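Asker: The sequence and its predicted three-dimensional model are supplied below.
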Amino acid sequence: MVTALSILLILTSLVLVLLVLLHKGRGGGLSDLFGGGVTSSLGGSSIAERNLDRITVGTGIIWFACIVALGLLLKFS
Amino acid sequence: MLTAFVNAFKTPDLRKKLLFTLFIIALFRVGSVLPTPGVDAAAVRRCLDPVLQGGSGNSIYGMLNLFSGGALLQLSVFALTIMPYITASIIIQLLTVVIPRLEALKKEGHAGTQKITQYTRYLTIGLAILQSTTIVALARSGQMFQGCNETIIPNDGILTLATMVLTMTAGTGVIMWFGELITDRGVGNGMSVLIFVSIAAAFPTSLEAIRRQQGWGTFIIVLAIGLVIMAAVIYVEQAQRRIPVQYAKRMLGRRAYGGSSTYIPLKVNQAGVIPVIFASSLLYLPVLAAQFNQNAGWAQWINANIARGSHPVYMIGFFLLIVAFTYFYVGITFNPTEVADNMKKHGGFIPGIRAGKPTEDYLHYVLSRITAPGSLYLGLVSLIPLIALVLINANQNFPFGGTSILIVVGVGLDTVKQIESQLQQRHYEGFLR
């Protein structure tokens, strides 16, 4: 059980990192960290981007559930 | 002030943005206290308590732990927080000066910046893998908490360790995404809001530690000093030199363009807190090197002089590094040649100064003189926690001083300004009068 969950967690972690990297980066690095100009990006996101969001959120929920479940299992085993 | 808050929540789109930001912040905090599977959370707690209360222990992790709001030493899922992203941004920022291809990308405008951001994100994940491996290795060998003999990771099979490293890496990815979501759909710049949250989350613990150790008197004094420093920091952060720029009127078709007079705002502290972060991470390097071979002569000198923040050698080095980095960073971010060029292209000039080369020289002159007090101010403010450490024997992470106060005030001002500009679109009075 623990092994299966660990493997699932590893897989979801990898997928999650990939999905996050697929997103278009917003906010250009350090120049607007800590008090740069006020830049508001207009324009909605495309359908591809929206679907990507949905998949990322889904994977994120599975990832989170895995962490909690694994943590509880290890604690009471 | 209060009516402004009410108005902010009355405006539908602004309310949506504020609630979204709060929701992400809540998720971020949950992840910061959720222990990574495989870590014995109870053992970590037992090891952590003396560090939080005594405040003596390891000052090495002070800086890193400050940014993570306690998440690092708890070995939580978000233990790395945005540190990898900050490091990656700094590295890329520095590399743009060195590597011609990156410089070309930067000049390309929007598309180029997007590409640089994408590189930064890849580098962030790479750094996250490295750092999470380091942290897991440190925790496993028991070096994370010196003088604490608990086994933090009870079962150190290869599968458990791999799971931990990957979970922390994915956590960093998620934080990066959170930051971008806040920038995109929430209020303020996501990354800085998340740093703000981490630092602010550490305030109650440090204040509580001071109250317990030193009593109510010192506690109130600390609070008062904190407020005074905060006011002073806001005063300097808002200070700027306005260089007037006049744009020539010109006709395009039947319309008249330009003819307006604006100004270039040159802030006294143009560099923000970046120099402070640079300096402290640079001073952290020799300490790290000394950890690997502790018996050498130079390592012992480092351990005696630099490892503790209260030593004069450390203070002087810190101060000088900050002043140097301020000049360096302002040099990177504000390019007088570029500004002068742009002004010339659009028919703008500074009254009394010719366009082109003289303008460039003038901007350079003003900038280098305005940066002098700015850099001294940065150095002095970041010395506050170190001096306070000596004066009242508080712990290293004295809540009101140095980096934390600069970041908190800077981000706070920025976010409030952004909310304000949104409010003004609907003709409400804002927070700042």
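Answerer: The structure has been received and is ready for your questions.

Asker: Please name every helix or strand in contact with the lowest-mean-pLDDT helix or strand in chain A.
Answerer: Within chain A, no helix or strand scores below helix A:47-76, which has a mean of 88 by mean pLDDT, DSSP states H and E. Packing contacts for helix A:47-76, counted by 3 or more C-beta pairs under 8 Å, 6 or more residues apart in numbering or on different chains; DSSP states H and E, involve helix A:2-22, helix B:158-185. Quick note: C-beta positions are derived from backbone N, CA and C, even for glycine.

Asker: Determine how far the longest one lies from the middle of the whole chain.
Answerer: Right, the one you point to is helix B:158-185. Here the centre of helix B:158-185 is set off from its chain's centre by 19 Å, with C-alpha atoms, centre = their mean, to the nearest Å.

Asker: That helix near chain A at all?
Answerer: Yes - Helix B:158-185 comes into contact with chain A (C-beta under 8 Å from any C-beta of the partner chain), by way of B:159-160, B:162-163, B:166-167, B:169-170, B:173-174, B:176-177, B:179-180, B:183-184.

Asker: Which of those residues sits closest to residue B:260?
Answerer: Set against residue B:260, the nearest of those by C-beta to C-beta is residue B:183 (30.2 Å).

Asker: Just give me the neighbour total for the closest one.
Answerer: The local packing of residue B:183 (other C-beta atoms under 10 Å in any protein chain shown) involves 23 other residues.

Asker: tell me the pLDDT at it?
Answerer: On the pLDDT scale, residue B:183 is placed at 83.

Asker: Isn't it up against residue B:190?
Answerer: Yes - using C-beta atoms under 8 Å, residue B:183 is in contact with residue B:190, at 4.0 Å.

Asker: Residue for residue, what is the longest helix chain B has?
Answerer: helix B:190-238 (DSSP state H).

Asker: what stretches of the stretch 1-150 of chain B score poorly on pLDDT?
Answerer: For the stretch 1-150 of chain B, the stretches flagged by pLDDT under 70 are B:1, B:49-70, B:143-149.

Asker: For residue A:50, find the nearest of the helices and strands packed on helix A:47-76.
Answerer: Of the helices and strands packed on helix A:47-76, nearest to residue A:50 by C-beta to C-beta is helix B:158-185, at 12.0 Å.

Asker: State the distance from the residue nearest to residue A:22 when sequence neighbours are not counted to residue B:207.
Answerer: Nearest non-adjacent residue to residue A:22, counting by C-beta to C-beta, 6 or more residues apart in numbering or on different chains: residue A:52, 6.1 Å away. Distance of residue A:52 to residue B:207, given as C-beta to C-beta, to the nearest Å: 42 Å.

Asker: Then residue B:215?
Answerer: Distance from residue B:215 to residue B:207, counting by C-beta to C-beta: 13 Å.

Asker: thinking again about what came up before, you'd agree the residue nearest to residue A:22 is up against residue A:24?
Answerer: No - Residue A:52 is beyond contact range of residue A:24, at 9.3 Å (criterion: C-beta under 8 Å).

Asker: For those two, indicate the residue with more neighbours.
Answerer: Between residue A:52 and residue A:24, counted using other C-beta under 10 Å, the more crowded position is residue A:52 (17 against 14).

Asker: which parts of the stretch 1-150 of chain B sit against chain A?
Answerer: So the stretch 1-150 of chain B meets chain A at B:34-38, B:41, B:77, B:86, B:89-90, B:92-93, B:113-114, B:116-118, B:120-122, B:125 (C-beta under 8 Å from any C-beta).

Asker: change it to 6 Å
Answerer: Contact residues, the stretch 1-150 of chain B versus chain A (C-beta under 6 Å from any C-beta of the partner chain): B:37, B:77, B:89, B:93, B:113, B:117-118, B:120-121, B:125.

Asker: What is the most widely separated pair among those?
Answerer: B:37 and B:113 (37.9 Å).

Asker: ok, the two, which is more surrounded?
Answerer: Set residue B:37 next to residue B:113 and count neighbours by other C-beta under 10 Å: residue B:37 wins out with 24 against 17.

Asker: sec struct for that one, please.
Answerer: coil (DSSP: H, G, I helix; E, B strand; the rest coil).

Asker: doesn't residue A:71 make contact with it?
Answerer: Yes - the pair residue B:37 / residue A:71 is scored as a contact, 4.6 Å apart, by C-beta atoms under 6 Å.

Asker: Between the two, which contacts overlap?
Answerer: Here residue B:37 and residue A:71 have no joint contacts, going by C-beta atoms under 6 Å, 6 or more residues apart in numbering or on different chains.

Asker: could I get the helices and strands packed on helix A:47-76 as a markdown table with distance to residue B:244?
Answerer: Below are the helices and strands packed on helix A:47-76 laid out as a markdown table (distance: least, C-beta to C-beta, whole Å):
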| stretch | distance to residue B:244 |
| --- | --- |
| helix A:2-22 | 45 |
| helix B:158-185 | 32 |
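
Asker: Just name the most buried of those helices.
Answerer: Comparing the helices and strands packed on helix A:47-76 on average neighbours per residue, with mean count of other C-beta atoms under 10 Å in any protein chain shown, the densest one is helix B:158-185 at a mean of 23.

Asker: Packing partners of that one?
Answerer: The contact analysis (3 or more C-beta pairs under 6 Å, 6 or more residues apart in numbering or on different chains; DSSP states H and E) places helix B:158-185 against helix A:2-22, helix B:12-33, helix B:110-141, helix B:190-238.

Asker: between that helix and helix B:12-33, what angle do the directions make?
Answerer: 160 degrees (axes from the mean of the first three to the mean of the last three C-alpha atoms, to 10 degrees).

Asker: what angle separates helix B:158-185 from helix B:110-141?
Answerer: 150 degrees.

Asker: which stretches of the stretch 251-400 of chain B form strands?
Answerer: Taking DSSP state E, counting those that start in this stretch to define them, one finds strands in the stretch 251-400 of chain B at B:255-258, B:261-267, B:348-349.

Asker: With mean pLDDT, distance to chain A and mean neighbour count as added columns, please give those in a markdown table.
Answerer: Listed next are the strands of the stretch 251-400 of chain B as a markdown table, based on pLDDT from 0 to 100; distance: least, C-beta to the nearest C-beta, whole Å; neighbours: other C-beta atoms under 10 Å in any protein chain shown:
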| stretch | mean pLDDT | distance to chain A | mean neighbour count |
| --- | --- | --- | --- |
| strand B:255-258 | 70 | 21 | 12 |
| strand B:261-267 | 83 | 8 | 14 |
| strand B:348-349 | 82 | 18 | 20 |
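
Asker: need those in JSON lines with distance to residue B:379, can you?
Answerer: As requested, these are exported to JSON lines (distance: least, C-beta to C-beta, whole Å):
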{"stretch": "strand B:255-258", "distance to residue B:379": "41"}
{"stretch": "strand B:261-267", "distance to residue B:379": "17"}
{"stretch": "strand B:348-349", "distance to residue B:379": "35"}
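
Asker: Residue B:317 is nearest to which of those?
Answerer: Per C-beta to C-beta, nearest to residue B:317 of the strands of the stretch 251-400 of chain B: strand B:261-267, 26.1 Å.
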